[in-house]
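K.L.:
dropping a prediction and its sequence here:
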Amino acid sequence: MFFNDELFLTLGDWYSLFKYPALKIKEKTLIVLDEFSYAVKSDRTILSTLQRAWDHDFPKTSHAGFARFARGHDDG
């Protein structure tokens, strides 16, 4: 998802990346973060950053219209 927006290509940190959909998505949407466990392994702050974006940047009234799904590969 990048909405043909050049801004997407300039996002420089996790918070900017996570809050970007809050600015663009206007209808019920499923957000899938594939292989998210790899991102967590490389940067342990990513979980709290995602939570902050979810709590502060997505409108409270639209939480019911959005779903987050993070999945990853478990190496065991």
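P.N.:
Structure's in. What do you need? Residues are numbered from 1 along each chain as shown.
K.L.:
so where is this structure shaky, pLDDT-wise?
P.N.:
Along the chain, segments meeting pLDDT under 70 span 1-3, 59-76.
K.L.:
and the residue nearest the centre of it?
P.N.:
Nearest to the geometric centre of the chain sits Phe18, at 3.7 Å (Cα atoms, centre = their mean).
K.L.:
quick check: phi and psi on that residue?
P.N.:
Main-chain dihedrals, Phe18, degrees, to the nearest 10: phi -70, psi -30.
K.L.:
number of residues surrounding the closest residue to it other than its chain neighbours?
P.N.:
Counting by Cβ to Cβ, 6 or more residues apart in numbering, Ala53 is the residue found nearest to Phe18 once chain neighbours are left out, at 3.6 Å. Every C-beta, even on glycine, is put in place using the N, C-alpha and C of the backbone. The burial count assigned to Ala53 is 19, neighbours taken as other Cβ atoms under 10 Å.
K.L.:
how about the nearest residue to Leu17, chain neighbours excluded?
P.N.:
Leu11 (4.8 Å).
K.L.:
surely that neighbour meets Lys19?
P.N.:
No: Leu11 is beyond contact range of Lys19, at 9.2 Å (criterion: Cβ atoms under 8 Å).
K.L.:
more crowded one of the two?
P.N.:
Using other Cβ under 10 Å, the more surrounded residue of Leu11 and Lys19 is Lys19, with 18 against 14.
K.L.:
so which helix or strand takes in that one?
P.N.:
If you go by DSSP states H and E, Lys19 is part of helix 14-24.
K.L.:
list the buried residues in that helix.
P.N.:
By 16 or more other Cβ atoms under 10 Å, the buried positions in helix 14-24 come out as 14-15, 18-21.
K.L.:
quick check, nearest of those residues to Ser37?
P.N.:
Trp14 (14.8 Å; Cβ to Cβ).
K.L.:
the closest one contacts Arg44, doesn't it?
P.N.:
No: Trp14 is beyond contact range of Arg44, at 11.3 Å (criterion: Cβ under 8 Å).
K.L.:
tell me the SS of Arg44?
P.N.:
Here Arg44 is coil, with the state taken from DSSP: H, G, I helix; E, B strand; the rest coil.
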